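Student: Have a look at this prediction, sequence included:
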Amino acid sequence: MGYYMNQKGSQFYISSTDKEDALTALKDFAKTHNQLMWVDNDILMAATTLKDALQECRWNVEEDDRGNIVDIYFDGEKIGNDELIFNSIAKYIRSDSYIQMLGEDGCMWRWVFYRARCKQIYPTVEWE
């Protein structure tokens, strides 16, 4: 898949108390999906923090002074298995979090997190 994408916004939160469990969930997912696009599984499996693991998945995170993840930034070019990756840790991401993306063809979408799931949704555009 050669679909380029750029991040246009986000509201994202993982509690510091959930980061270790989220890291375990992400690694467990990677064990069963050992051919994730754009991800070196050996580096992912060697990660000792969720921040490092997500970075290998092309997502950088910002943490506050308490260690909570308070934002996320895409550091890649093309779409990969991002929705699947996010679903593997969705139960640790605060409900109503989202990541808004724009594809090379102008398509907009959000990955929204609600009730331990990640879902891809598309906006409705209305002209006056």
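Tutor: Now that the structure is in, tell me what you want to look at. What you are looking at is a predicted structure, and each value in this text was computed from that prediction instead of being measured.
Student: going forward, measure contacts and count neighbours with C-alpha atoms only.
Tutor: Fine.
Student: tell me which residues of stretch 19-38 are tucked away?
Tutor: For stretch 19-38, a neighbour-count test (16 or more other C-alpha atoms under 10 Å) marks 19, 22-27, 29-30, 36, 38 as buried.
Student: Put together JSON lines for those residues, with pLDDT and secondary structure on each row.
Tutor: Below are the buried residues of stretch 19-38 laid out as JSON lines (pLDDT from 0 to 100; DSSP: H, G, I helix; E, B strand; the rest coil):
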{"residue": "Lys19", "pLDDT": "98", "secondary structure": "helix"}
{"residue": "Ala22", "pLDDT": "98", "secondary structure": "helix"}
{"residue": "Leu23", "pLDDT": "98", "secondary structure": "helix"}
{"residue": "Thr24", "pLDDT": "98", "secondary structure": "helix"}
{"residue": "Ala25", "pLDDT": "98", "secondary structure": "helix"}
{"residue": "Leu26", "pLDDT": "98", "secondary structure": "helix"}
{"residue": "Lys27", "pLDDT": "97", "secondary structure": "helix"}
{"residue": "Phe29", "pLDDT": "96", "secondary structure": "helix"}
{"residue": "Ala30", "pLDDT": "95", "secondary structure": "helix"}
{"residue": "Leu36", "pLDDT": "89", "secondary structure": "coil"}
{"residue": "Trp38", "pLDDT": "93", "secondary structure": "coil"}
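Student: Spit out the contact partners of Glu56.
Tutor: Glu56 makes contact with 39-40, 43-44, according to C-alpha atoms under 8 Å, 6 or more residues apart in numbering.
Student: Try it again at 7 Å.
Tutor: 39, 43-44 (C-alpha atoms under 7 Å, 6 or more residues apart in numbering).
Student: Narrow the residues you listed to those that are buried.
Tutor: 39, 44.
Student: between the contacts of Glu56, which is nearest Cys107?
Tutor: Comparing the contacts of Glu56 against Cys107 with C-alpha to C-alpha places Val39 closest, at 24.1 Å.
Student: list the contacts for that closest one?
Tutor: 56-57.
Student: Over to it: give its phi and psi.
Tutor: Torsion angles at Val39 (phi, psi; degrees, to the nearest 10) stand at phi -120, psi 130.
Student: Centre of the chain to the helix or strand Leu84 falls within, how far?
Tutor: Element membership for Leu84 (DSSP states H and E) is helix 82-89. Relative to its parent chain, helix 82-89 has a centroid offset of 6 Å by C-alpha atoms, centre = their mean, to the nearest Å.
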